[in-house]
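[1] Return a 3D structure for these sequence lines:
(one chain, ligands or ions: 1)
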Amino acid sequence: MSHVFHRNPKMDLPTAVGGQGMELIDSNGKRYIDASGGAAVSSLGHGHPRVIKAIQDQVAQLAYAHTSFFTTQVSEDLADLLAAAAPGDLNHVYFVSGGSEAVEAALKLARQYFVEIGQPQRRHMIARRQSYHGNTLGALAIGGNAWRREPFLPLLVQAHHVSPCFAYRERLDGETDSAYAQRLADELEAKILELGPDTVAAFVAETVVGATAGAVPPVADYFKRIRAVCDKYGVLLILDEVMSGMGRTGYLFACEEDGVVPDLVTIAKGLGGGYQPIGATLCTDRIYDAIVGGSGFFQHGHTYIGHATACAAALAVQQTIVDDGLLDNVRARGEQLRGELRAALGDHPNVGDIRGRGLFVGVELVADRATKATLDPARKTHAKFKARAKDNGLLLYPMGGTVDGVRGDHVLLAPPFIASPADIGRIVDRFAQTL
Ligand code: PMP
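    Residues are numbered from 1 along each chain as shown. From the prediction side, this is the model:
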């Protein structure tokens, strides 16, 4: 009997014993193509020599020093790299150990910012339905799946939800991208007015929606219009790029493609590429200055903030992405992946949509391609599909599922950025075989 308490204790899992490049190997010697990079984590694949060396060197020199007493060169270097790459004046980097922690830090930075500037009544958070922001209680409160929140009600954060930007499903007949984006911006404005503009702290959204919807990008002008509404009412914009950031979409920060600068942005997963647990929250000068010039103390903290070994791994991962020109590869291989999936499956009666940005690709499974009728949710087709894919040596994103408990059954692919054209071909072959 296993004593490790997994998320799904009844599941009988194979034992992973090794990882090389695009592949994972289990104790029976079976090899799997890691087409989801774990959970959109392994941006450089497995066993990357440069990252291994960076971790070994850092551990040998200094594994960890508490940030109440010291900074470290490696955390400063990583923060410099991130601040230089981030759009606008997202110049200040708060390190944490993962995605949920990054979201908690963003929510608390937003709240504390308003306390510092004398508006403590701004405490409401507005987020979107069908979003995922993490499993800690604050992140859960803003997350957009009611069924995930249900067992833990009442939640600690006052969160409210508006519609996500799912043009492929929720656009009205004949509605242009621009009209659709405006309709959603109007909905946000109405929600702010309903709550009272001087009580709203922030609007939170995933730049490209990941786990709950399967790599759904926004329409072109969506975030610009959302930004305008936030600015009109002094509401902060928090973009959650825990999954879509750090190169996954072909840009280090996914929002670069949308032409917006949020007030806060969260990153994790691809930051450490799976080699170490690490995340971060970046904020603009305005937020940082209000805290430093105000109470001078961010009322938050975790033991492993700025962990030197985690920072060393992340620095090596991010430098490799730049030095090896991997963002170009993400864009090219992403085009190839969507193109080959469409060629192989686009006519399949059970494929409703193939979408995404970069190496962040979702495939919607439907009962009928023409009407986009949804599959019976009780059949849990996505789960069966993932299990069958795993039998076929293909690892897809572990969660996936329906968008709202009923519609939008999908699976998600997020292969490592090192994928070659031949690797993408193999992924498409195994996907088609599974379907
Ligand atoms: N935000 C988003 C957008 C995510 O996709 C996730 C993880 N799937 C999280 C937050 C939470 O990250 P973690 O699991 O590292 O806590």
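
[2] Is residue 229 part of a helix or strand, or is it coil?
    helix (DSSP: H, G, I helix; E, B strand; the rest coil).

[3] which residues sit in contact with it?
    185, 188, 189, 192, 203, 235 (CB atoms under 8 Å, 6 or more residues apart in numbering). For the C-beta atoms, the positions are set from N, CA and C on the backbone; glycine is no exception.

[4] Remind me which helix or strand the first one belongs to.
    Assignment of secondary structure by DSSP states H and E places residue 185 within helix 177-195.

[5] And for that helix, what's in contact with it?
    Contacts of helix 177-195 (CB under 8 Å, 6+ apart): 124, 126, 160, 162-163, 165, 167, 171-172, 175, 200, 203, 218-222, 224-226, 228-229, 232-233, 235.

[6] Quick check: what element follows it along the chain?
    strand 200-206.

[7] pLDDT of that following strand, averaged?
    Taken as a whole, strand 200-206 carries a mean pLDDT of 98.

[8] same question, stretch 167-176
    89.

[9] what do you get for stretch 52-66?
    98.

[10] How about stretch 113-126?
    98.

[11] Renumber starting at 32 from here on
    All right, first residue 32 from here; so that's stretch 144-157.

[12] Span of that stretch from start to end?
    17 Å (CA to CA, to the nearest Å).

[13] ok, now stretch 64-76?
    10 Å.

[14] Show me the domain layout of the chain.
    47-78+356-465, 84-354 (automatic domain parsing).

[15] Closest one to residue 95 out of the contacts of residue 260, please.
    Taking CB to CB as the measure, residue 95 lies nearest residue 234 of the contacts of residue 260, at 35.6 Å.

[16] Tell me how many other residues crowd that closest one.
    For residue 234, the count of nearby residues is 29 (other CB atoms under 10 Å).

[17] what sits up against stretch 80-98?
    75, 103, 105, 304, 306-307, 334-340, 342-344, 346-348, 350-351.

[18] Those residues of the stretch 332-466 of the chain touching the ligand, which are they?
    Within the stretch 332-466 of the chain, no position lies close to the ligand (CB under 6 Å from any ligand atom).

[19] quick one: the strands in the stretch 332-466 of the chain?
    382-388, 391-396, 425-426, 441-444 (DSSP state E, counting those that start in this stretch).

[20] Distance check, the residue nearest to residue 306 when sequence neighbours are not counted against residue 272.
    Nearest residue to residue 306, sequence neighbours excluded (CB to CB, 6 or more residues apart in numbering): residue 344, at 4.1 Å. Going from residue 344 to residue 272 by CB to CB, to the nearest Å gives 19 Å.

[21] for residue 434, same thing?
    Relative to residue 272, and taking CB to CB, residue 434 is found at 20 Å.

[22] Those two: which is more packed in?
    Legend: neighbour count by other CB under 10 Å for residue 434 and residue 272, higher for residue 272 (29 against 24).

[23] Residue 286 is in contact with the more buried one, correct?
    Yes - if you go by CB atoms under 8 Å, residue 272 and residue 286 touch, sitting 7.0 Å apart.

[24] Mutual contacts of the two, please.
    238, 296.

[25] before we move on, back to that, can you select the buried ones among the contacts of stretch 80-98 for me in ChimeraX?
    Buried residues within the contacts of stretch 80-98, by 16 or more other CB atoms under 10 Å, are selected in ChimeraX with:
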select :75,103,105,304,306,307,335,336,337,338,339,340,342,343,344,346,347,348,350,351
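
[26] Mind checking which of the contacts of stretch 80-98 are in helices?
    105, 339, 340, 342, 343, 344, 346, 347, 348, 350, 351 (DSSP state H).

[27] which of those residues lies closest to residue 374?
    residue 351 (31.2 Å).

[28] count of residues packed around residue 58?
    10.

[29] mind listing what it touches?
    Residue 58 touches 45, 46, 47, 48, counting by CB under 8 Å, 6+ apart.

[30] In strands, which of those fall?
    47, 48 (DSSP state E).

[31] of the contacts of residue 58, list those near the ligand.
    Okay, of the contacts of residue 58, nothing touches the ligand (CB under 6 Å from any ligand atom).

[32] Serialize the contacts of residue 58 to CSV and add fields for pLDDT, distance to residue 372 and neighbour count.
    Compiled in CSV, those are given as follows (pLDDT from 0 to 100; distance: CB to CB, whole Å; neighbours: other CB atoms under 10 Å):
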residue, pLDDT, distance to residue 372, neighbour count
45, 93, 27, 13
46, 94, 31, 7
47, 96, 26, 12
48, 97, 30, 11
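
[33] circling back to that earlier point, would you confirm that the residue nearest to residue 306 contacts residue 307?
    Yes - counting by CB under 8 Å, residue 307 is a contact partner of residue 344 at 4.0 Å.

[34] Which positions in the stretch 132-281 of the chain make contact with the ligand?
    So the stretch 132-281 of the chain meets the ligand at 134, 163, 164, 165, 237, 241, 242, 271, 273, 274 (CB under 6 Å from any ligand atom).
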